[in-house]
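S.K.: Kindly generate the corresponding structure for this input.
(one chain, ligands or ions: 1)
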Amino acid sequence: MQLVQVPAGGGLGLRWLAQPRMHPLRVEFVDGALGHRRLYGGGRQQDLSRACGLHEHPQLSVVDATAGLGRDAFILATLGARVTLLERDPVIHPMLLDGWQRACRAAAAADPELAAVLACMSIEALDARAWAPTGAAPQVIYLDPMFPPRDKSAAVKADMQMLHALAGPDTQAEGLLDWALATALCRVVVKRPRRAPPLNDRAPSHQLTGKRNRFDVYTLRRLPG
Ligand SMILES: C[S@@+](CC[C@H](N)C(=O)[O-])C[C@H]1O[C@@H](n2cnc3c(N)ncnc32)[C@H](O)[C@@H]1O
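M.R.: Alright, predicted model coming up:
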């Protein structure tokens, strides 16, 4: 699969050469699905929020150690978390930064609420396993490693196919779990396909299972009251 970076809508896009009709993939926090989800989404009772503990403790510090296109991290920030996004891929990281910078410019002009959300996100180009906190350890570490490829009949979304083609399956995801468990203060949350075994075959403290995904929660200590 050949992918090339192209200018798109005043920002950085990724075009899939074999699919010329497909719009370039971009990181978009203002409009589209994420803009809609910020305004009308599931709030603090959605599974992602409950898995991280934001339904009871909205101002947690979270490290999203597999930031990708920043969708989960953005949702966590809209729910009140301070989120550090770590992305190691040299093509995906600049796209993420570009999407965040475009959103900051748009929000500064017209949307102080969105500007406040974006100010809670910081983005670093790094392999998470080389990251260590400079101050207090993050209360939550969130992992969404790339799933192994599904068979062709499964409707894998085009953006996930592109991400897969770029970053490939996360063959070192198991080391990532060990790092996260040694680094987080209170809990580690791992997003998995609904029926997949737990990462590293390590049983979580509890699970939240949705229609397509599951969140495995590893509790290390109680979240601050
Ligand atoms: C499935 S995607 C994450 C999608 C993301 N949750 C979202 O909402 O857009 C996995 C991402 O994790 C990144 N990744 C995998 N291992 C990593 C590591 N050790 N450190 C930093 N990034 C990593 C990959 O490059 C890929 O972009």
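
S.K.: Whichever helix or strand R105 is part of vs the ligand: in contact?
M.R.: Assignment of secondary structure by DSSP states H and E places R105 within helix 92-110. Yes. Helix 92-110 is in contact with the ligand by CB under 6 Å from any ligand atom, via I92. For every residue, glycine as well, the C-beta is placed using N, CA and C.

S.K.: nearest residue to E124 other than its sequence neighbours?
M.R.: Excluding its sequence neighbours, the residue lying closest to E124 (CB to CB, 6 or more residues apart in numbering) is L86, at 5.4 Å.

S.K.: Just give me the neighbour total for that neighbour.
M.R.: Counted with other CB atoms under 10 Å, residues neighbouring L86 total 22.

S.K.: The helix or strand containing it vs helix 92-110, what angle?
M.R.: Here L86 sits within strand 82-87, counting by DSSP H and E. On the basis of axes from the mean of the first three to the mean of the last three CA atoms, to 10 degrees, strand 82-87 is oriented at 140 degrees to helix 92-110.

S.K.: Show me what strand 82-87 is packed up against.
M.R.: strand 61-64, helix 71-78, helix 92-110, strand 121-125 (3 or more CB pairs under 8 Å, 6 or more residues apart in numbering; DSSP states H and E).

S.K.: Run me through the strand neighbours of it, direction for each.
M.R.: Next to strand 82-87 in the sheet, as set by DSSP bridges, lie strand 61-64 (parallel), strand 121-125 (parallel).

S.K.: Can you see whether the following helix or strand past the longest one contacts the ligand, counting any residue in it?
M.R.: In the C-terminal direction, the helix or strand that comes right after strand 121-125 (DSSP H and E) is strand 140-143. No. Contact check for strand 140-143 against the ligand, using CB under 6 Å from any ligand atom: none in range, with a minimum separation of 7.9 Å.
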